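*Asks:* Based on what follows, work out the 3D shape:
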Amino acid sequence: MFPNQIMKNLFERIQSLEDEMLKLAEEMEENRRCASNIIRLGVVEEATAKTVKVKAGKNFVNNIPFFVVAAGRVSHYRRPSVGEQCILLNLGSGDNLNNSVALMGLPSNQFPCPTTAENQVMTDYGNGMTEVYDLDAGSLTVNYPGGYHITADITHIGNAELTGNTNRTGDLINTGNIVSTGGFNHSGAFAVTPGGSGSVPVFSGGMKITDGDVLVDDISVKFHIHLDAEDRPTKKPQ
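*Replies:* Numbers count the residues shown, from 1 in each chain. As a prediction, this is how the structure comes out:
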């Protein structure tokens, strides 16, 4: 083989290798660009019942689903807030971020952690509604400004302290003593029966009845009359 032919073959081989290197470089750049879009930070711009619009850098991602805590036999729902930070997981990679799903729950300056105490598990629902569980004390402290409504039978073991009025509909069955240090105002029928051991109710102190009467074995305290030795009426009790 002549020297010129050898040089020609060498240059062709070098050119071929250079072309292969350029292709590999382009593929590596494409893979790098795609990989950079697999996971992105974003901010919720709009939220609907099941999808969100997210801004990621200068890009906008429209109508993508968002993660919830559970979506099976046990399910949970919370609609993301506008301005909430999220992580975009691009399932299709590449430039098309509309193949992404939004993973919520990343604290931000606008929505910081409600507590950073090591021993506390806290949920802040907004508008003053909070739940704080103390892992060390085993206590739960809640604030429900709008009240709470329970439809269930309730079994309570332990002491209970109430501040405020208590309105009940239905019977109150009590097997222990009722101790009241305040006034007792009652409207409606009032019945007192002896206990199972034959004990009778005892009222300590005076009792004042206004515009009413007391019956003892159908005998009126207010309107009964006294009889003399010959069973003749005398006068009403004073």
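*Asks:* bridging residues for Thr51?
*Replies:* Pro65 (DSSP bridges).
*Asks:* how many other residues sit next to it?
*Replies:* As a burial measure, Thr51 scores 17 neighbours (other CB atoms under 10 Å). Using the backbone N, CA and C atoms, a C-beta is placed for each residue, glycine as well.
*Asks:* for Arg78, same thing?
*Replies:* Neighbours around Arg78, by other CB under 10 Å: 11.
*Asks:* what about Glu230, which helix or strand?
*Replies:* Under the criterion DSSP states H and E, no helix or strand holds Glu230.
*Asks:* Quick check: chain neighbours aside, which residue is closest to Pro114?
*Replies:* Asp124 (3.8 Å; CB to CB, 6 or more residues apart in numbering).
*Asks:* in the helix or strand that that neighbour is a member of, what counts as buried?
*Replies:* Assigned by DSSP H and E, Asp124 falls within strand 120-126. Buried residues in strand 120-126, counted by 16 or more other CB atoms under 10 Å: Asp124.
*Asks:* per the record, what domains does this protein have?
*Replies:* Per automatic domain parsing, the structural domains of the chain span 39-106, 113-156.
*Asks:* what ranges do the helices span in this protein?
*Replies:* 3-36 (DSSP state H).
*Asks:* list the contacts for Glu84?
*Replies:* Listed by CB atoms under 8 Å, 6 or more residues apart in numbering, the contact set of Glu84 reads Val43, Val44, Met104, Ser108, Gln110, Phe111.
*Asks:* quick one: strands adjacent to the longest strand along the chain?
*Replies:* Secondary structure of the chain per DSSP state E: the longest strand is strand 39-47. Using DSSP bridges, strand 39-47 pairs in its sheet with strand 51-56 (antiparallel), strand 85-90 (antiparallel).
*Asks:* For Asn9, find the nearest of the ones you listed.
*Replies:* Closest to Asn9 of these is strand 85-90 (CB to CB; 45.9 Å).
*Asks:* Return the helix or strand in the chain with minimum mean pLDDT.
*Replies:* helix 3-36 (a mean of 69; mean pLDDT, DSSP states H and E).
*Asks:* For Gln85, the count of nearby residues, please.
*Replies:* 19.
*Asks:* these two touch, right, Leu103 and Cys86?
*Replies:* Yes. Here Leu103 reaches Cys86: they are 6.0 Å apart, a contact under CB atoms under 8 Å.
*Asks:* now Glu230: how far from Ile219?
*Replies:* 20 Å (CB to CB, to the nearest Å).
*Asks:* Neighbour count for the two, which is higher?
*Replies:* Per other CB under 10 Å, whichever of Glu230 and Ile219 has more neighbours is Ile219, with 9 against 5.
*Asks:* what about the more buried one, distance to Val121?
*Replies:* Counting by CB to CB - Ile219 and Val121 are separated by 66 Å.
*Asks:* now Val216
*Replies:* 61 Å.
*Asks:* Ok, Leu22 next?
*Replies:* 56 Å.
*Asks:* next one: Gly57
*Replies:* For Gly57, the distance to Val121 - CB to CB - is 34 Å.
*Asks:* Could you list the low-pLDDT ranges of this structure?
*Replies:* 1-3, 25-36, 93-95, 195-198, 229, 233, 235-238 (pLDDT under 70).
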